[in-house]
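**Student:** pasting a predicted model and its sequence here:
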Amino acid sequence: MYNTYDKRKKVDNTDIRNMGIIAHIDAGKTTLTERILFYSGKVHQMGEVDEGLATMDYMDQEKERGITITSAATTIYWSGKRINIIDTPGHVDFTMEVERTLRVLDGGIVIFSGVEGVEAQSETVWRQANRYGLARITFINKLDRKGSDFFRTVDMMEEKLKVVSLIVNFPFYEQGELKGVIDIVDMKGWVWKDREGMEYVSIPIPDELLSKANGLREELIDKISLYDDELMEKYLDEEEITQELLRRAIRKITVRSNVFPVMSGSALKNIGVQKVIDAVVDYLPSPLDVPLITGRNPETEEEEKRESNPDGPFSALAFKILTDPHGKLTYVRIYSGRVKKGERVLNVNRGTKERISKIILMHANKMEEIAEAEAGEIVAFRGLQNVTTGYTLTDVDHPILLEPPDIPKPVIFTSITPRSLADQEKFALALRKMSEEDPTFEVKNDLNTGETLIYGMGELHLEVIIERIKREFSVHARVSTPKVSYKESIRQEATGEGKFIKQTGGKGQYGHVILRLEPAEEYEFINKASPSEIPKEFIKAIKEGVEEARYSGFLAGYEVTGGRIIVTGGSCHEVDSSDIAYKIAASFAFKEAYKKTDPIILEPIMRIEVTIPKTYFGSVLDDLNSKRAEIKNIEHREEVEIIDAHVPLARLFGYATTLRSLTSGRGVHQMQFMNYQPIPEKILRKKLKEIRGY
């Protein structure tokens, strides 16, 4: 429902923080977000994830499963700053939600569980944040739980993530119970008095912790002095280093993404949360602190930069599409300029103009309509028809094309068929809307069977999509068992020639293409034919012909991934040459060459992290070895063993049930896609026999 008035407080760009909350699944992201909303006055009651009442987990499936599936945005105010927050999923199947969110943020809070430490998905989200140069503060959560260890987790961060950590506070216990934190910037203790965490007071650092606090402060100053000349000078001259100087220095180097402040607490027990919000204000960058956004001018092909200035030309990146009963919502980060509702903007990717009918400030699934938005803000637009994830919007006279987020490729698929003709139209609409919302969800038609195939990032991803199709669109459908999305790839160089020549009495068709295929990890299409051999206007058609031919490889009918495709020559006819003829000829040339490249089938490999009680170690390890697992590391802890392995996805279907059976329900696992690797020769022969029937 809309509020039709603008309750935002006017703030300068220096007082805006665009940040996300990212972590491994079950590290406490949504729980922390709920506390932040409560303490900032955004909500009047804390919602609990386990009870299905979390504000930011508003989808029915999120409430039922107790996990975050889609990223949700909101805005709070704290210490005079406007903080735009996006809560992201932790499950690897929804990694695209994290990817596109990080693309438009300036900073983030990364949460680690003080019990499990740095887990497999923690490393993945950290690498994603590295890719976008995101400034981060870190919060070690769940320190009220048995088996938690703040300093062990810090050591794991430094070892596994190769980071420089700055401990700014550490946990304070009384008789084994978490009571608060010791702040080594202020050199005070902070104790939370009431159950809701509203009342927290400063105390002198207890005598038994004073030596520890002094040592950590000395270490903190020592680390910072390597990056900050002012602090280095005072440190060497043995002058007093004030809290203000220390905070300023920490902010400076955190904004540069060199080092990462570390805090402690328990979101569930409402301890330490306000200190995390303070750190967002103190240490994370404003839109003016990050490098200028860079893009390409679509008219001149020159690189351009845009300042985060409300008075500059308007530019924004669409990073998320959401459909609701009122139509399509396009979430955008505005990088420069300002825009008002009712204005027309340029869809740079399509080269068309679109009208923004409404500008909306989001609070999870609640909406507040506003009159205008400007540089530094994250809002949603209504009225845009032909915009999808990664598209750039600008004012009509100043186009710039911004870099979209990386989109991972799906690794699993299933067939889905509506049960009746009456469901067919609703089914097509559901697939179209799902594809608009989620770039990792792909729909293809199997030309051999006529089936509709849907592709996703994992079993849970497909489960959620299928459930949404049934619930939101009332489609009754038959669904097959999920299958692995194999790929084919080029192993050696080869050349192919394709001709399509057709004479019909009138104007004929003429296309002649010569291609060279070379092994390469990423797909490339390169034209080296001279305009006299193939006029430039037909190169696009040749590329389309190649890309269509790549959908089905010669070896087993799987999509061909990677490969460098080079147009080396061909010929033309001054009258009969046409797009369709060159497209068909290119397809023929690709297929001829591909057969000679000694192609290979590739299978998706997953990284799996299994945590089990020591009693079950042998049986679980034997089972993993039977699945062609490559054991990368075994970590021995006091009560559990943690196995880190690489396993083919094909051997992991139903692994949750297997693990429960082997460990009497006490084992847990997390897995994530790692890469595609060639299938071993012995298994390749068996697979080809299954496919070809001989």
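**Tutor:** Alright, I've got the coordinates.
**Student:** from here on, just use CA atoms for contacts and neighbour counts.
**Tutor:** Fine.
**Student:** so where do the helices sit in the stretch 551-694 of the chain?
**Tutor:** Counting by DSSP state H, counting those that start in this stretch, one finds helices in the stretch 551-694 of the chain at the ranges 579-595, 617-626, 655-662, 681-692.
**Student:** pipe those into CSV and attach mean neighbour count per row.
**Tutor:** Output for the helices of the stretch 551-694 of the chain, formatted as CSV (neighbours: other CA atoms under 10 Å):
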stretch, mean neighbour count
helix 579-595, 25
helix 617-626, 15
helix 655-662, 14
helix 681-692, 12
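**Student:** nearest to residue 196 among those would be which one?
**Tutor:** Proximity to residue 196, assessed across the helices of the stretch 551-694 of the chain by CA to CA, is greatest for helix 655-662 (35.9 Å).
**Student:** distance check, the residue positioned nearest the centre of the chain against residue 600.
**Tutor:** What sits nearest the mean C-alpha location of the chain, by CA atoms, centre = their mean, is residue 99, with 2.1 Å. Note on residue 99: its distance to residue 600, by CA to CA, to the nearest Å, is 30 Å.
**Student:** returning to that earlier point: what is the strand or helix carrying the residue nearest to the centre of the chain packed up against?
**Tutor:** Following DSSP states H and E, one finds residue 99 within helix 95-104. Helix 95-104 sits against strand 16-23, helix 120-131, strand 315-324, with contacts defined as 3 or more CA pairs under 8 Å, 6 or more residues apart in numbering; DSSP states H and E.
**Student:** how about these in JSON lines, adding distance to residue 218?
**Tutor:** Below are the helices and strands packed on helix 95-104 laid out as JSON lines (distance: least, CA to CA, whole Å):
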{"stretch": "strand 16-23", "distance to residue 218": "29"}
{"stretch": "helix 120-131", "distance to residue 218": "27"}
{"stretch": "strand 315-324", "distance to residue 218": "43"}
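**Student:** return the most buried member of those.
**Tutor:** Stretch with highest mean neighbour count among the helices and strands packed on helix 95-104: strand 16-23 (a mean of 27; mean count of other CA atoms under 10 Å).
**Student:** tell me if residue 381 really is in a helix.
**Tutor:** No: Residue 381: not assigned to a helix; according to DSSP: H, G, I helix; E, B strand; the rest coil it is strand.
**Student:** hmm, it is touching residue 357, no?
**Tutor:** Yes: if you go by CA atoms under 8 Å, residue 381 and residue 357 touch, sitting 7.4 Å apart.
**Student:** now the helix or strand where residue 208 lies: average pLDDT?
**Tutor:** In this structure, residue 208 sits in helix 207-225 according to DSSP H and E. Averaging pLDDT along helix 207-225 yields 94.
**Student:** hmm, back to that, ok, which of the helices and strands packed on helix 95-104 comes nearest residue 86?
**Tutor:** Of all these, strand 16-23 comes closest under CA to CA, at 4.6 Å.
**Student:** relative to the closest one, what are the paired strands and their orientations?
**Tutor:** strand 81-87 (parallel), strand 107-113 (parallel) (DSSP bridges).
**Student:** the last one vs helix 95-104, what angle?
**Tutor:** Spelled out, that is strand 107-113. In terms of direction (axes from the mean of the first three to the mean of the last three CA atoms, to 10 degrees), strand 107-113 departs from helix 95-104 by 140 degrees.
**Student:** could the C-alpha coordinates of strand 107-113 be exported in CSV?
**Tutor:** Provided in CSV are the C-alpha atoms of strand 107-113 (Å, rounded to 0.1, in the frame of the first residue of the first chain):
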residue,chain,number,x,y,z
GLY,A,107,29.5,-0.4,1.7
GLY,A,108,28.4,-3.4,3.6
ILE,A,109,28.2,-5.3,6.9
VAL,A,110,29.5,-8.8,6.6
ILE,A,111,28.3,-11.1,9.3
PHE,A,112,30.2,-14.2,10.5
SER,A,113,28.9,-16.7,13.0
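**Student:** doesn't residue 471 fall inside a helix?
**Tutor:** Yes: residue assignment for residue 471, taken from three-state DSSP, places it within a helix.
**Student:** please enumerate the strands of the stretch 151-300 of the chain.
**Tutor:** Under the criterion DSSP state E, counting those that start in this stretch, strands of the stretch 151-300 of the chain are mapped to 165-167, 169-174, 177-183, 188-192, 200-203, 260-264, 293-296.
**Student:** how far off centre is the first one?
**Tutor:** It stands for strand 165-167. Its chain's C-alpha centre and that of strand 165-167 lie 25 Å apart, by CA atoms, centre = their mean, to the nearest Å.
**Student:** buried ones in it?
**Tutor:** Buried residues in strand 165-167, counted by 16 or more other CA atoms under 10 Å: 165-167.
**Student:** got it, and stretch 648-656?
**Tutor:** 648-653.
**Student:** which of those residues lies closest to residue 266?
**Tutor:** Nearest to residue 266 out of the buried residues of stretch 648-656 is residue 652 (CA to CA; 33.8 Å).
**Student:** ok, now how distant is that closest one from residue 672?
**Tutor:** Residue 652 is 11 Å from residue 672, by CA to CA.
**Student:** where does the prediction get shaky in the stretch 101-250 of the chain?
**Tutor:** Scanning the stretch 101-250 of the chain for pLDDT under 70 picks out nothing.
**Student:** likewise the stretch 551-694 of the chain?
**Tutor:** Checking the stretch 551-694 of the chain against pLDDT under 70 turns up 692-694.
**Student:** burial of the spatially closest residue to residue 132 that is not a sequence neighbour, as a residue count?
**Tutor:** Spatial nearest neighbour of residue 132, chain neighbours left out: residue 103 (6.3 Å); criterion: CA to CA, 6 or more residues apart in numbering. By other CA atoms under 10 Å, 22 other residues sit near residue 103.
**Student:** same thing with residue 229?
**Tutor:** Residue 229: 12 neighbours (other CA under 10 Å).
**Student:** so what's residue 666 up against?
**Tutor:** 612-613, 660 (CA atoms under 8 Å, 6 or more residues apart in numbering).
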